[in-house]
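Enquirer: Return a 3D structure for these sequence lines:
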Amino acid sequence: MQMSHHIDPNDLGPNGRAEKVSAGKLHAAQYIVAGILIVLITGLWRLQVLGADNFRALAEANRIRKVPILAPRGRLFDREGRLLVDNYPSVSCYLLREQVKDFDADLPLISQGLHIPIEQIQATLRRYQIAPKYQPIPLKQDISPDEQAFIAAHRDELPELETLDEQRRLYPRDGFAAHLIGYVGEVSEQMLDDPRYAFYSPGDVVGRSGVEQTYDSLLRGKDGSRDVIVNSHGKELGHLGQELAVPGKDLKLTIDLDLQIAAEKALDGKNGAIVAMDPHTGEILAMVSRPTYDPNQFSVRLTKNYWNEIINNPDHPLLNKSLQAQLAPGSTFKIIMSVAGLQENVAQTMHVSCNGGAEFYGHFYACDKHHGAVDINNAIPYSCDTFYYTLANRLGIDTIAKYATSVGLGQKTGIDLPDEVAGTMPSTAWKLKTQHDKWFAGETISVGIGQGAVTATPMQLARALSGIASGGVLRRPHVVFADEVPPEMQQAIQESFPGSGNATIPLTTENWELITNAMAAVTTTGTAAEAHLEGIDFAGKTGTAQVIGHDALAKTNKGHNTQPNAWFVGMAPRRNPDIVVAVLWEHGNWGNNSAKLASQIIDAYVNKQRKLDNNIRIAATPEPAKPEPAKPTTPTSESPTVPSAE
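Expert: All right, here's what the predicted structure looks like:
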């Protein structure tokens with residue numbers, strides 16, 4: 001058998017013939033491969049070991065920075081959609097602590113370039129000691145173009161300075177509606193300690209008063225951020241991604257800009273407050289407090305000079321007197337006294353002879369005039385103190401307190417604005433609790449005319465009259481429409497601002513008719529006759545409340561601050577009123593003076609409604625039908641033929 005011969009492929013030459021590869025060539029190839037591997041391994045070692053410091057330096061030089069994108073705050077509009085509060089673009093300077101190398105050395109240059117005292121910068125840094133190091137620190141807001149140029153020109157020397165585009169609050173000029181709108185400012189250290197501000201950080205801008213404070217969580221939106229790559233000098237090299245900011249919610253307020261302007265004008269140059277309210281809904285149509293302040297001063301860093309000017313003003317510009325001025329209501333309280341007297345079936349049969357006052361419990365209580373024979377029908381137009389002294393004595397303090405609290409006195413109204421006060425409605429239980437003493441019958445006499453221990457705010461009196469004017473339904477006042485606010489937040493607001501809420505006042509139709517007729521006489525023949533508006537069904541009640549007793553007044557020089565406060569509460573029209581107005585003119589001397597201010601607002605409201613109604617009627621009236629043009633006659637065989645000209 002023939003044996004097969006095995007041929008190794010390595011023994012084949014280029015011509016397919018079997019050749020034996022020399023050992024020298026094979027070894028040479030192995031050396032070449034080994035050399036290449038040694039070179040690669042050596043290079044890799046040099047990169048990993050010897051170049052590690054260089055790569056580390058590069059990695060540290062190029063970092064990822066999270067740059068905040070600040071959410072624009074929601075705007076505020078009046079009830080007709082007219083803009084009240086807006087935002088404007090602004091540039092601020094921030095300090096990036098992660099970029100700081102030698103801040104003490106940089107401080108003089110930063111101070112000079114940004115026009116900030118060194119002490120102020122150091123104080124800012126101390127405030128932010130508890131903040132995370134990655135959080136930028138605001139050094140200056142609203143920087144000028146020159147200051148922006150300074151930062152850009154010193155980018156290499158001062159990599160710790162960064163500019164950020166922001167939206168700043170722009171409020172109306174001259175403190176227009178300042179107490180209602182409020183202002184924003186940087187969150188304080190005290191606020192950060194409050195659990196309600198657990199999600200805020202130092203430097204955050206929050207609402208500090210008014211609508212801005214109550215609805216801050218809706219207005220502020222949600223900030224976003226973008227991740228950028230920067231080098232050691234803070235220069236952006238690229239960006240990795242971003243989370244867009246969510247703008248704050250715009251809110252429509254219940255106030256009417258035209259009425260607000262009228263109320264501001266009426267109280268210009270005076271101290272006090274005005275509240276205008278829809279008695280059927282509780283919507284606040286206008287709210288003014290004087291003196292006012294400029295909220296624009298608070299939206300940027302507040303200057304020490306302006307702050308000192310505000311807090312040292314004896315007339316308290318920051319006080320919202322609509323909600324916080326708790327003063328004796330004077331004779332406006334006689335409306336409530338009339339409700340109590342009629343509902344208790346006491347006032348109907350009362351007849352008093354007023355000879356300038358009356359004596360009770362060994363003390364003479366004066367009336368400003370000798371009114372003669374007075375009953376419930378003319379007691380309100382005359383504003384006869386003697387009648388109401390007598391009525392108070394017959395009712396007693398606890399009965400008076402029952403009806404006063406039924407219209408909301410002595411308790412907060414629950415309006416959706418911060419810092420409301422409750423006022424005081426005295427009773428036997430109140431005195432025992434607050435003064436650990438019993439109530440004396442003689443104290444009731446002064447309460448009958450809205451003096452003594454009883455105090456109220458303009459908001460409380462506006463709401464009380466709204467309840468009486470609407471036939472006995474007391475509404476919770478509010479400055480933001482309910483449909484603007486999520487239901488869960490509405491509930492939270494009612495819990496945060498407790499008050500008597502919606503309630504029913506004990507008042508019969510007959511008694512309502514008597515009281516409102518008497519109030520209509522006040523503005524025609526009574527104490528507010530000078531405020532009468534021709535052609536407008538306008539009713540109300542004046543009040544002149546002493547701020548100092550007669551005996552003490554006699555010992556003073558009778559300066560301005562001892563003059564009585566002037567009150568007025570009014571409504572229009574008398575039947576089914578659309579508007580209620582309460583006016584407090586501090587040291588206005590006479591209730592009739594405040595009635596004249598109220599008449600300006602009532603007049604503005606009624607005339608506006610008449611124009612609107614007229615426009616609606618015009619729009620609803622169909623245009624008269626236009627006669628159709630005559631159609632040309634079509635010639636027929638019977639029509640005469642017009643001869644042609646030859």
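
Enquirer: From now on I want contacts and neighbour counts done on CA atoms only, so please keep to that.
Expert: Noted.

Enquirer: Walk me through the domains of the chain.
Expert: 64-252, 257-303+322-613 (automatic domain parsing).

Enquirer: Tabulate those in TSV, adding columns for mean neighbour count.
Expert: Compiled in TSV, the domains of the chain are given as follows (neighbours: other CA atoms under 10 Å):
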stretch	mean neighbour count
domain 64-252	17
domain 257-303+322-613	20
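
Enquirer: Which one of these has the poorest average confidence?
Expert: Of all the domains of the chain, the minimum mean pLDDT falls on domain 64-252 (a mean of 88).

Enquirer: Might you calculate how far it sits from the centre of the chain?
Expert: How far domain 64-252 lies from its chain's middle: 20 Å, per CA atoms, centre = their mean, to the nearest Å.

Enquirer: Straight-line length of it, end to end?
Expert: For domain 64-252, the first and last residues are 41 Å from each other (CA to CA, to the nearest Å).

Enquirer: go on, stretch 65-76?
Expert: Stretch 65-76 has an end-to-end distance of 34 Å (CA to CA).

Enquirer: ok so, going back, output the domains of the chain as TSV; include the columns distance to Ile311.
Expert: Formatted as TSV, those follow (distance: least, CA to CA, whole Å):
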stretch	distance to Ile311
domain 64-252	15
domain 257-303+322-613	11
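
Enquirer: Asp315: which of those domains is closest?
Expert: Closest approach to Asp315 among the domains of the chain is made by domain 257-303+322-613 (6.8 Å; CA to CA).

Enquirer: Run the chain-centre distance for the closest one.
Expert: For domain 257-303+322-613, the distance to the chain centre is 24 Å (CA atoms, centre = their mean).

Enquirer: Quote the end-to-end distance of that domain.
Expert: Terminal residues of domain 257-303+322-613 lie 18 Å apart, using CA to CA.

Enquirer: repeat for stretch 127-140
Expert: First-to-last residue span, stretch 127-140, CA to CA: 14 Å.

Enquirer: next one: stretch 66-82
Expert: 37 Å.

Enquirer: Give me the contacts around it.
Expert: 83-87, 166-167, 169, 218-228, 244-257 (CA atoms under 8 Å, 6 or more residues apart in numbering).

Enquirer: tell me the centre residue of the protein?
Expert: Val211 (1.7 Å; CA atoms, centre = their mean).

Enquirer: What strand or helix carries that one?
Expert: Val211 belongs to helix 210-214 when assigned by DSSP states H and E.

Enquirer: Toward the C-terminus, what is the element adjacent to that helix?
Expert: In the C-terminal direction from helix 210-214 (assignment by DSSP H and E), the next one is helix 216-219.

Enquirer: now for the following helix or strand past that following helix, which elements pack on it?
Expert: Moving toward the C-terminus from helix 216-219, the next helix or strand (DSSP H and E) is strand 224-230. Packing partners of strand 224-230 (3 or more CA pairs under 8 Å, 6 or more residues apart in numbering; DSSP states H and E): strand 63-69, strand 236-243.

Enquirer: Could you check how far Gly408 is from Ala462?
Expert: 10 Å.

Enquirer: my bad, should have said Gln297
Expert: 31 Å.

Enquirer: With Phe103 instead?
Expert: Going from Phe103 to Ala462 by CA to CA gives 58 Å.

Enquirer: quick one: the helices in the stretch 101-250 of the chain?
Expert: Using DSSP state H, counting those that start in this stretch, the helices assigned to the stretch 101-250 of the chain run over residues 103-114, 118-127, 145-153, 178-181, 189-192, 210-214, 216-219.

Enquirer: Identify all contacting residues around the second one.
Expert: Right, helix 118-127. Under the contact criterion CA under 8 Å, 6+ apart, helix 118-127 has outside partners 107-108, 111, 137, 139.

Enquirer: ok, now which ones touch Ala401?
Expert: By CA under 8 Å, 6+ apart, the residues touching Ala401 are 425-427.

Enquirer: so can I have CSV of those showing secondary structure and distance to Ala266?
Expert: CSV is the format used below for these (DSSP: H, G, I helix; E, B strand; the rest coil; distance: CA to CA, whole Å):
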residue, secondary structure, distance to Ala266
Met425, coil, 30
Pro426, coil, 33
Ser427, coil, 36
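
Enquirer: what's the closest of those to Phe440?
Expert: Ser427 (10.2 Å).

Enquirer: Spit out the contact partners of the closest one.
Expert: Counting by CA under 8 Å, 6+ apart, Ser427 has contacts 397-398, 401, 439.

Enquirer: swap in Cys367?
Expert: 354, 356-358, 384-386.

Enquirer: In helices, which of these fall?
Expert: Applying DSSP state H to these, the entries found in helices are 385-386.

Enquirer: TSV please, covering the contacts of Cys367 and showing distance to Ile121.
Expert: Shown next, in TSV, are those (distance: CA to CA, whole Å):
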residue	distance to Ile121
Cys354	71
Gly356	68
Gly357	67
Ala358	68
Cys384	64
Asp385	62
Thr386	66
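
Enquirer: and of the contacts of Cys367, the nearest to Ile64?
Expert: Asp385 (77.5 Å).

Enquirer: From Gly357, how far off is the residue lying closest to that closest one once chain neighbours are set aside?
Expert: Excluding the flanking residues, the one nearest Asp385 by CA to CA, 6 or more residues apart in numbering is Cys367, at 5.2 Å. Separation of Cys367 from Gly357 (CA to CA) stands at 5 Å.

Enquirer: picking up where we left off before, now the residue nearest to Asp385. Its backbone dihedrals?
Expert: phi -120, psi 150 (degrees, to the nearest 10).

Enquirer: Test my guess that Gly410 contacts Glu420.
Expert: No. Gly410 lies out of contact with Glu420 (CA atoms under 8 Å); the separation is 11.8 Å.

Enquirer: remind me, longest helix of this structure?
Expert: When the chain is parsed with DSSP H, its longest helix is helix 591-620.
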